[in-house]
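[1] Using only what follows, build the 3D model:
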Amino acid sequence: MPKTLEELREKIEDEVPYVDVKPYSHNIIGLLLSQIAKEHGRAEANKAIEDFGLEELGWSKREEPAE
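    Here you go, the predicted structure:
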């Protein structure tokens, strides 16, 4: 699985056209967003959701957890 933020974002970009076309694209994007949030912060995951238009495909941004 990709490691850098750039690689994770590239993989999301590759999968977006296949949401609701290929059977696992939605799951793959969800896993990639989770990995971004875990390794690079929720703000980066939210940025990916915005940058790739994922809200229109069913994802929603999450707030940073209160400390």
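
[2] where exactly do the helices run in the chain?
    5-15, 25-40, 42-51 (DSSP state H).

[3] would you list the ones you listed in JSON lines and tack on mean pLDDT, distance to residue 61 and mean neighbour count?
    For every residue, glycine as well, the C-beta is placed using N, CA and C. Output for the helices of the chain, formatted as JSON lines (pLDDT from 0 to 100; distance: least, CB to CB, whole Å; neighbours: other CB atoms under 10 Å):
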{"stretch": "helix 5-15", "mean pLDDT": "97", "distance to residue 61": "14", "mean neighbour count": "16"}
{"stretch": "helix 25-40", "mean pLDDT": "96", "distance to residue 61": "10", "mean neighbour count": "17"}
{"stretch": "helix 42-51", "mean pLDDT": "97", "distance to residue 61": "4", "mean neighbour count": "17"}
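
[4] Can you check which of these gets nearest to residue 58?
    Closest approach to residue 58 among the helices of the chain (CB to CB): helix 25-40, 7.4 Å.

[5] so what does that closest one touch, helix or strand wise?
    helix 5-15, helix 42-51 (3 or more CB pairs under 8 Å, 6 or more residues apart in numbering; DSSP states H and E).

[6] contacting residues around the residue positioned nearest the centre of the chain?
    The centre of the chain sits closest to residue 33, judged by CA atoms, centre = their mean, with a distance of 3.2 Å. The neighbours of residue 33, taking CB atoms under 8 Å, 6 or more residues apart in numbering as the test, are 12, 45, 48, 49, 54, 59.

[7] Give me the distance between residue 6 and residue 26.
    22 Å (CB to CB, to the nearest Å).

[8] Need the helices and strands packed on helix 25-40 in CSV (columns: distance to residue 21).
    Listed next are those as CSV, based on distance: least, CB to CB, whole Å:
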stretch, distance to residue 21
helix 5-15, 10
helix 42-51, 19
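
[9] Of these, which is nearest residue 64?
    Taking CB to CB as the criterion, helix 42-51 is the member of the helices and strands packed on helix 25-40 that comes nearest to residue 64, at 5.2 Å.

[10] doesn't residue 59 make contact with residue 46?
    No: here residue 46 does not reach residue 59: they are 9.7 Å apart, not a contact under CB atoms under 8 Å.

[11] Fine by me, thanks again.
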